[in-house]
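Engineer: Could you work out the structure for the sequence below:
(2 chains)
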Amino acid sequence: GQNIDQPTEMTATEGAIVQINCTYQTSGFNGLFWYQQHAGEAPTFLSYNVLDGLEEKGRFSSFLSRSKGYSYLLLKELQMKDSASYLCAVRGNGGATNKLIFGTGTLLAVQP
Amino acid sequence: GAGVSQSPSNKVTEKGKDVELRCDPISGHTALYWYRQSLGQGLEFLIYFQGNSAPDKSGLPSDRFSAERTGGSVSTLTIQRTQQEDSAVYLCASSLGAMNTEAFFGQGTRLTVV
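Structural biologist: Numbers count the residues shown, from 1 in each chain, chains lettered A, B, ... in the order given. Modelled structure (predicted):
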């Protein structure tokens, strides 16, 4: 089976740094993705990790440890527009397929 | 096309009616996914198509739900005898391949069953 866990909600201050954690248990592993979803909008891709370590893209970074089944998304220099839901997704290998399974998302509120 | 296109954007239907939701993926994308998202919830996997392989239907919640993908392109999700609990946003996504490529989402179809 597949299980992906994220905190439900987080609050942070404008200009600060926030780390959103994700733990997973999947049948096989073919990569971990982070998506951002603003209220009423479709999810948009942020980052992808398939090897252990840190991937940096501007203000956003994502880390993966395959042995621990653990990832985090790091957001620096928070802006009000970063208030959104952040979705962790894992591409597994359930049988012959590589479907993309999402966690329930972490709703981040950035306060002034 | 420029992105994943879904239609209709909104659908209100009476309980017991059948509905069809359409997804037009990005041209050349071989993988296509359907998800369901209830208000304030995460994305619930429904079905996954990859090339000519048999689809992964393991997420379909009941036999009232079915989906097909014709010619490896457009996909239709059909819900028969709709129930109020089927009300949700149905999201379609496509990706270039099966492995290390991100999925791009359409804007979704908001289905309301009254």
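Engineer: In contact with A:F60: list those residues for me.
Structural biologist: Each residue near A:F60 by Cβ atoms under 8 Å, 6 or more residues apart in numbering or on different chains is listed here: A:34, A:46-47, A:73-76. Where you see a C-beta, it was placed from the backbone N, CA and C, and this is true even at glycine.
Engineer: Flag every residue of chain A that's near chain B.
Structural biologist: A:30-31, A:33, A:41-45, A:48, A:50, A:87, A:89, A:91, A:94-105 (Cβ under 8 Å from any Cβ of the partner chain).
Engineer: Reformat the contacts of A:F60 as a markdown table; add secondary structure and distance to B:F45.
Structural biologist: A markdown table is the format used below for the contacts of A:F60 (DSSP: H, G, I helix; E, B strand; the rest coil; distance: Cβ to Cβ, whole Å):
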| residue | secondary structure | distance to B:F45 |
| --- | --- | --- |
| A:W34 | strand | 17 |
| A:L46 | strand | 19 |
| A:S47 | strand | 20 |
| A:L73 | strand | 21 |
| A:L74 | strand | 26 |
| A:L75 | strand | 26 |
| A:K76 | coil | 31 |
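Engineer: Skipping adjacent residues, who's closest to B:K57 in space?
Structural biologist: B:I47 (5.2 Å; Cβ to Cβ, 6 or more residues apart in numbering or on different chains).
Engineer: That neighbour: how many residues sit nearby?
Structural biologist: For B:I47, the number of neighbouring residues by other Cβ atoms under 10 Å in any protein chain shown comes to 22.
Engineer: what do you get for A:L78?
Structural biologist: Residues near A:L78, counting by other Cβ under 10 Å: 19.
Engineer: A:S61 - nearest residue in space that isn't next to it in sequence?
Structural biologist: A:L74 (4.4 Å).
Engineer: Which stretches in chain A count as strands?
Structural biologist: Here chain A has its strands, by DSSP state E, at A:3-5, A:9-13, A:18-25, A:32-37, A:44-49, A:53-57, A:60-65, A:70-75, A:84-91, A:100-102, A:106-111.
Engineer: Using a markdown table, lay out those strands together with mean pLDDT.
Structural biologist: Below are those laid out as a markdown table (pLDDT from 0 to 100):
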| stretch | mean pLDDT |
| --- | --- |
| strand A:3-5 | 92 |
| strand A:9-13 | 97 |
| strand A:18-25 | 97 |
| strand A:32-37 | 96 |
| strand A:44-49 | 94 |
| strand A:53-57 | 94 |
| strand A:60-65 | 97 |
| strand A:70-75 | 98 |
| strand A:84-91 | 95 |
| strand A:100-102 | 90 |
| strand A:106-111 | 97 |
